[in-house]
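Q: mind looking at a prediction? Sequence and model below.
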Amino acid sequence: MSSINTNTPTTGTVPTTGTSNNSGSANPTVNGTLAQTTSQTAQDAQLLGGNFNDFLQMFIAQIKNQDPLAPMTATDFTNSLAALSSVEQGVNTNTNLENITSLLQNNSNFGSPVSYLGKEVQYQSSQITSDGTDPVQFFYNLSASPSSPINVVVTDQSGNTVYSGTGTTTVGLNTMVWDGQDSVGNTVAAGNYNVAVSYVDSKSGQTVQVPTSSMGIVNEASFQNGQVELLVNGNTIPTSSVLAVINTQNSGTSTSSSSNPLSSLLGN
């Protein structure tokens, strides 16, 4: 009969409650600032385009209706054009600086994940991988203990349920170990499976989905589609989904989360 074991995993130490970052961004301040600046420059460029057309219409109208006894001098004419040209050059300079900043940020982001190679990471994902032999562990974090049971459902890639059961309701990080068997006790085939953890809110009566995470060794780091991706458990994940990094080298055992290079971001 398939079962879920809630014992603490032996593969390493994982962050305690409150240390996981489920925001989906490894550096929201930097990314947010860059996006904000890019958006502002785009708005400035669009506004400048409209102002340029208005300026030309007004400028032509001014020339047509100028006092023939006191016409616009060549200096005034040049100064008016130079003023608008200066603003246009400023907007173009901001656009070029943003492109350079984006390239530098991508390079710096790539340099950091390279140090993840060979290390164990905890990453946010609803997907777990079974090798068809060993149990599979995954995690979920509860900020408060729910009044209703935790429901755990494992499905295959076609959406068919292979296991359903209940989990622990401990406040903080909960560790679950699925024995890799379906509900009738048959060992499932090796491959990727989806896990869903939820509970029913006693006040609203609505189902609340709880984010899940997994752990694995980083075997590869690459730059794809404008972002850095890591190869973990045979699957590619973005670095933004990484919640914690655990050093398993040298002694062969995991270090405490206090030495985690992401500890300052995760609140350790």
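A: Ah, there it is.
Q: partner strands of the lengthiest strand in the chain and their direction?
A: Counting residues, the longest strand found in the chain (DSSP state E) is strand 212-224. Paired with strand 212-224 in the same sheet, following DSSP bridges, are strand 120-124 (antiparallel), strand 136-142 (antiparallel), strand 227-232 (antiparallel).
Q: now those strands as TSV including distance to Gly165 and mean pLDDT?
A: Using the backbone N, CA and C atoms, a C-beta is placed for each residue, glycine as well. Converted to TSV, the strands paired with strand 212-224 look like this (distance: least, CB to CB, whole Å; pLDDT from 0 to 100):
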stretch	distance to Gly165	mean pLDDT
strand 120-124	22	91
strand 136-142	13	92
strand 227-232	25	86
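Q: columns distance to Tyr193 and mean neighbour count on top of the ones you listed, output as TSV?
A: Formatted as TSV, the strands paired with strand 212-224 follow (distance: least, CB to CB, whole Å; neighbours: other CB atoms under 10 Å):
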stretch	distance to Tyr193	mean neighbour count
strand 120-124	16	24
strand 136-142	8	21
strand 227-232	16	19
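Q: for Met72, find the nearest of the ones you listed.
A: Across those, Met72 has its closest neighbour in strand 227-232 (53.7 Å, CB to CB).
Q: pull the residues that contact the closest one.
A: Residues outside strand 227-232 that contact it (CB atoms under 8 Å, 6 or more residues apart in numbering) are 109-110, 112-113, 116, 121, 123, 214, 216-223, 236-240, 242.
Q: could you rerun that using 7 Å?
A: 109-110, 113, 116, 121, 123, 216-222, 236-239 (CB atoms under 7 Å, 6 or more residues apart in numbering).
Q: lovely, talk soon.
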